[in-house]
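sequence and computational prediction follow.
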Amino acid sequence: MLDVPIGLNLLFILTTLVTYAMLVIAMMSGETNKNGRTVNLISILLLLWIIFQSTLALNKWFMDRKSMPPHLLFPIITCALLITLVFVLKKPRKWTEQLNAELLVWIHIIRIPVEIVLYQLAIHKQLPWSMTFKGLNFDIVFGITAPIMAILYFRMKKINFRVMQIWHWLGLLSVGLVVLRGIGSLPSPLQWWDFSQPNYAVMHFPFVWLPSFIVPVVIFAHIAAMRQLRK
């Protein structure tokens, strides 16, 4: 584990668990709950994936800075492929259209504690300032506005689907840019960004959950919600 305050580790662990819980609730409270076995299976597989990434991080597998490609690209590429398959294949795509649409917006509130953690990690020189809200990361804006958008759209009916669609597109763009900067600042042969203060944190437990779980969930929630808006 990184030499950072224990409270920072605990905050990120809690944030990851809340993200997992909100995603599971979004599945259970949507129409997908008609097929309880599917929800249970996905919930178990997600939990096993989180544990698997923890095991790799604790065994320092991600810390090999000379590996080519960098080991951290394994969970990133794996999640990207899985998300792509979900929205390309017919049955999984229809399944996402039955998730709780409102919770798919509320789930972005977890971007607030994530940004707080990133800021503290930058203070401890474990990742670049460009990945924080003090630099080029605007994700905290979507964490703050998520409950506002959810209430205005689903409860008060004060905004139309086009406004919500724009919000999702901007949120997706924001997290995508953070991912690019995160990969570019990894201490590896492929590093091209932030050489003075590389992205060490995500190579360690529990912060490896950021690229291997939290970010994929955020991206998935944006895309799933936008598909529902199109309907």
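Good, I have the coordinates.

quick check: next helix or strand after the least confident helix or strand in the chain by mean pLDDT?
The weakest-scoring helix or strand in the chain, judged by mean pLDDT, DSSP states H and E, is helix 90-96 (a mean of 88). Next helix or strand after helix 90-96 toward the C-terminus (DSSP states H and E): helix 101-106.

show me what that following helix is packed up against.
For helix 101-106, the contact count by 3 or more C-beta pairs under 8 Å, 6 or more residues apart in numbering; DSSP states H and E identifies helix 6-28, helix 139-150, helix 215-230 as packing neighbours. To be clear about C-beta, it is placed using only N, CA and C from the backbone, and glycine gets the same treatment.

can we see that at 10 Å?
With contacts taken as 3 or more C-beta pairs under 10 Å, 6 or more residues apart in numbering; DSSP states H and E, helix 101-106 sits against helix 6-28, helix 139-150, helix 161-184, helix 215-230.

leaving out chain neighbours, which residue sits closest to Val24?
Ser43 (5.0 Å; C-beta to C-beta, 6 or more residues apart in numbering).

quick one on the thing from earlier: elements contacting the least confident helix or strand of the chain?
Short answer (3+ C-beta pairs under 10 Å, 6+ apart): helix 90-96 packs on helix 36-58, helix 73-88, helix 215-230.

give me the angle between the first one and helix 6-28.
Pointing back at helix 36-58 there. With axes from the mean of the first three to the mean of the last three C-alpha atoms, to 10 degrees defining the directions, helix 36-58 sits at 160 degrees from helix 6-28.

buried sites along helix 36-58?
For helix 36-58, the neighbour count (16 or more other C-beta atoms under 10 Å) marks Val39, Ser43, Leu46, Trp49, Ile50, Gln53, Ser54, Leu56, Ala57 as buried.

which SS class is Pro211?
helix (DSSP: H, G, I helix; E, B strand; the rest coil).

and the residue nearest to Leu58 when sequence neighbours are not counted, what does it touch?
Closest residue to Leu58 apart from its sequence neighbours, by C-beta to C-beta, 6+ apart: Phe205 at 5.1 Å. Neighbour list for Phe205: 1-2, 9, 12-13, 53-60, 62 [criterion: C-beta atoms under 10 Å, 6 or more residues apart in numbering].
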